[in-house]
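J.: need a 3D model of the following:
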Amino acid sequence: MENLTVRTPLKQPIVFELEGFYVPPGYGPLFFFLALLTYIVTLLGNGVVMWVIVTDKNLHTPMFVMVCNLVVCDLLGATVVLPRIMMHFLMGQKAIAYIPAIAQAFCAHSYGAAIQTILAVMAYDRYIAVCEPLRYHSIMTSARLHCCCGLAWSISVLLMLILFTFHINVPLCGRTIQHVYCTNRSILNLGCVSTPISNIYGLTTTWSLNTGVFLVIALSYIKILSACLKQGRSDSSVRSKAFQTCATHLVIYVLFVIALVINIMLYRFPSVSRNIQKFFGILIFVLPPLANPFIYGIVTKDLRNSVKKRFAARIHHKH
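T.: Numbers count the residues shown, from 1 in each chain. As a prediction, the model looks like this:
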């Protein structure tokens, strides 16, 4: 007779345990310091970018309003994982209650979706700025700008809200989440029953969103490249300025895609150390938020000059 394993649903209140990193004895404080330093630099970098854009009226343009939305998204991504990882390194805390686990997973997925939709909106904005420069201000009005930004966030949040409705009434039989942070799939894997509809919806949403964003960005930049080559024949400064304006956005998108691909690919190789898999699993929440402010500061001349003026004025005022 076939042996059947009966899984007993967990009793309320549900408390999960994150598998976390394997930390060699005595190395916890060092890893905590590195995570804390990364988080502080991320907060300071994104905070400076937001502060400069908000306080400098010359930067109150559609492009920099979208940069502010990207900053908010970056701060969300870093805050989703780094504080809890720091607690894990410093105090060995792995327990997480059901509601915080769902909240962390929801925010993590919302960050991944929102950063892509915001980058797609930014690509559309750059397309209009380069290909329709004379009509730019009539097309990208304040109302349309806020509509585009609101749509980018709304699509992301709505898709994730639907995804997380599959958690309702799913009995859970396991406690250990095999990662350093909670995800939709890691929680549903602990269910007493399979959730094929959630799997289908999750895969369909992921594929559709990634493909849609890629097509929007690819088509926008094909148009931009074509316009730059045509305009550049008569005015090389036009081509140079257009490439400089678009380079920042493209670098940030490529950086996000690289982090995403590395994360996906490493889990396809069981021989890779679990610690390495987990490290690259959080890279998508750490690398873009950490690097984006510096990329904007280096590449975007207007933002770089504004930062210099703000800090120079403060230093002069103190003296």
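J.: only alpha carbons, please: show stretch 59-67 as CSV.
T.: Only the C-alpha atoms of stretch 59-67 are listed here, as CSV (Å, rounded to 0.1, in the frame of the first residue of the first chain):
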residue,chain,number,x,y,z
LEU,A,59,14.9,70.6,-12.2
HIS,A,60,11.1,70.6,-11.9
THR,A,61,10.8,69.0,-15.4
PRO,A,62,9.1,65.7,-16.4
MET,A,63,12.4,63.9,-16.6
PHE,A,64,13.4,64.7,-13.0
VAL,A,65,9.9,64.1,-11.7
MET,A,66,10.3,60.6,-13.0
VAL,A,67,13.7,60.3,-11.5
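J.: what's the spacing between the closest residue to Ile217 other than its chain neighbours and Tyr98?
T.: Distance criterion Cβ to Cβ, 6 or more residues apart in numbering; nearest residue to Ile217, sequence neighbours excluded, is Ala123 at 4.4 Å. (Glycine included, C-beta is placed from N, CA and C.) Per Cβ to Cβ, to the nearest Å, Ala123 is found 38 Å from Tyr98.
J.: which of the two has more neighbours?
T.: Ala123 (22 against 17; other Cβ atoms under 10 Å).
J.: distance of the more buried one from Gly202?
T.: Ala123 sits at a distance of 25 Å from Gly202 (criterion: Cβ to Cβ).
J.: report the contact partners of Gly26.
T.: Residues counted as contacts of Gly26 (Cβ atoms under 8 Å, 6 or more residues apart in numbering): none.
J.: look at it and give its secondary structure.
T.: With DSSP: H, G, I helix; E, B strand; the rest coil as the basis, Gly26 sits in coil.
J.: same thing with the one 4 residues further on?
T.: Going by three-state DSSP, the secondary structure assigned to Leu30 is helix.
J.: give me the pLDDT for it.
T.: We note a pLDDT of 93 for Leu30 in this prediction.
J.: count the neighbours of it for me.
T.: 12.
J.: cool, Thr206 as well?
T.: 15.
J.: so which strand or helix has it?
T.: helix 196-232 (DSSP states H and E).
J.: helices and strands around that helix, which ones?
T.: Secondary-structure packing of helix 196-232 (3 or more Cβ pairs under 8 Å, 6 or more residues apart in numbering; DSSP states H and E): helix 98-131, helix 142-164, helix 184-188, helix 236-266.
J.: buried sites along that helix?
T.: 198, 201-202, 205, 209, 213, 216-217, 220-221, 223-224, 227-228, 231 (16 or more other Cβ atoms under 10 Å).
J.: for Thr55, give me its contacts.
T.: Arg310.
J.: mind doing that once more with 10 Å?
T.: Ser306, Arg310 (Cβ atoms under 10 Å, 6 or more residues apart in numbering).
J.: relative to Pro293, how far out is it?
T.: Distance from Thr55 to Pro293, by Cβ to Cβ: 16 Å.
J.: swap in Ile264?
T.: Taking Cβ to Cβ, one finds Ile264 at 26 Å from Pro293.
J.: more neighbours: which of the two?
T.: Using other Cβ under 10 Å, the more surrounded residue of Ile264 and Pro293 is Pro293, with 25 against 12.
J.: correct me, but the more buried one touches Thr42?
T.: Yes: the pair Pro293 and Thr42 qualifies as a contact (Cβ atoms under 10 Å) at a distance of 8.0 Å.
J.: what touches both of those two?
T.: Common neighbours of Pro293 and Thr42 (criterion: Cβ under 10 Å, 6+ apart): Asp74.
J.: so where is the stretch 151-300 of the chain shaky, pLDDT-wise?
T.: Scanning the stretch 151-300 of the chain for pLDDT under 70 picks out 231-245, 267, 298-299.
J.: kindly recompute the last result at 80.
T.: 168-169, 227-249, 263-272, 296-300 (pLDDT under 80).
J.: next, count neighbours for Gly191.
T.: Gly191: 18 neighbours (other Cβ under 10 Å).
J.: what backbone torsions are found at it?
T.: phi -70, psi 150 (degrees, to the nearest 10).
J.: just grab the bridge partners of it for me.
T.: Leu172 (DSSP bridges).
J.: and it, how far from Leu145?
T.: Counting by Cβ to Cβ, the separation of Gly191 from Leu145 is 42 Å.
J.: burial measure for the nearest residue in space to Tyr111 that is not next to it in sequence, as a count.
T.: Distances taken as Cβ to Cβ, 6+ apart place Gly77 nearest to Tyr111, at 4.1 Å, with adjacent residues excluded. Applying other Cβ under 10 Å, we find 27 residues neighbouring Gly77.
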